[in-house]
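Visitor: Here is a sequence with its predicted model. Questions after.
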Amino acid sequence: MTASRPTAHQGQVRIAASILSADLAHLAEAVAAAERGGADMIHVDVMDGCFVPPITMGPMIVEALRRVTTLPLGVHLMVCQPERHLEAFARAGASSLAVHPEATAHPYRALSQIRDLGVHAGIALNPGTPAEACAELRDVLDFVVVMSVNPGYAGQAFLAGVLPKIGRLRALLAGWSGWVGIDGGISPQTAGPAVAAGADVLIAASAIFDAPEGIEMAVAALRAAARP
Ligand code: DX5
Ligand code: ZN
């Protein structure tokens, strides 16, 4: 199986709604509201208590989501040795899988395995990990997620210092046709600077699912803030 390769956005920033802040007792309704609000993807934060302290969700949640939405499911693996779980998430219906290079001795192999499973393959970079971690991966890389918080929790403050990393990535991977997402602390206040720095995809949890104005309005507000 071979996935069609995603291309860099044509000026349209995409919004990924991270269900880490959703009410899991009403997950289908939360996702439907995000979809009505115009979300382009659902982001699933998988944490294993090893790579990061919390334990969150696994393939069963992805499989359940796959039954209630047609949006792409982006699975962010904050787990040690992610290669142990790639097949299970692909089978569950993941559209893309992001691994951390800090979590595996073999990021190139992990990305190749993801592609072989017919899923888009990405790298997520911790704030302390340089763009150069992707330099030798471009042949197997569909996207990069620049973390703008240290992974593990929703609702943390945006680390604006990571923004220049997006430009460094683009320079390092000149001619590469993948997309760059930014994950952590994204809100209507930080969306503009993130897009100006070159982000194609804004990944947000608390700004969408904890918004007092409701999920639909919150997605729309992010999209409005992302406009140049
Ligand atoms: C952090 C996760 C993020 C998180 C973002 O470890 O990878 O995807 O859901 O949460 P907010 O948008 O609240 O910072
Ligand atoms: Zn994430």
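Guide: Yep, it's here. Ligands and ions are numbered 1, 2, ... in the order given.

Visitor: Which positions in the chain make contact with ligand 1?
Guide: The chain comes close to ligand 1 at residues 18, 20-21, 43, 45, 76, 149, 151-156, 183-186, 203-207, as judged by Cβ under 6 Å from any ligand atom. All C-beta spots, glycine's among them, are computed from the backbone N, C-alpha and C.

Visitor: switch the cut-off to 5 Å
Guide: Proximity of the chain to ligand 1 (Cβ under 5 Å from any ligand atom) is limited to residues Ser18, Leu20, Asp45, Pro151, Ala154, Gly155, Asp183, Gly184, Gly185, Ala204, Ala205, Ser206.

Visitor: Whichever residue of the chain sits closest to ligand 2 in helix, strand or coil?
Guide: Per Cβ to the ion, His76 is where the chain lies closest to ligand 2, at 3.7 Å. Classification of His76 by DSSP: H, G, I helix; E, B strand; the rest coil places it in strand.

Visitor: Low-confidence bits of the protein, can you list those?
Guide: 1-11 (pLDDT under 70).

Visitor: where do the strands sit along it?
Guide: 14-18, 41-47, 73-78, 96-99, 120-125, 143-147, 179-183, 201-204 (DSSP state E).

Visitor: could I get those strands as a markdown table with distance to His85 and mean neighbour count?
Guide: Converted to a markdown table, the strands of the chain look like this (distance: least, Cβ to Cβ, whole Å; neighbours: other Cβ atoms under 10 Å):
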| stretch | distance to His85 | mean neighbour count |
| --- | --- | --- |
| strand 14-18 | 19 | 26 |
| strand 41-47 | 8 | 24 |
| strand 73-78 | 7 | 27 |
| strand 96-99 | 9 | 27 |
| strand 120-125 | 14 | 24 |
| strand 143-147 | 17 | 25 |
| strand 179-183 | 19 | 26 |
| strand 201-204 | 20 | 27 |
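
Visitor: among those, which is nearest Ala133?
Guide: Among the strands of the chain, the nearest to Ala133 by Cβ to Cβ is strand 120-125 (6.1 Å).

Visitor: Assess the claim that Ile61 and Val44 are in contact.
Guide: Yes: the pair formed by Ile61 and Val44 meets the contact definition of Cβ atoms under 8 Å, at 6.5 Å.
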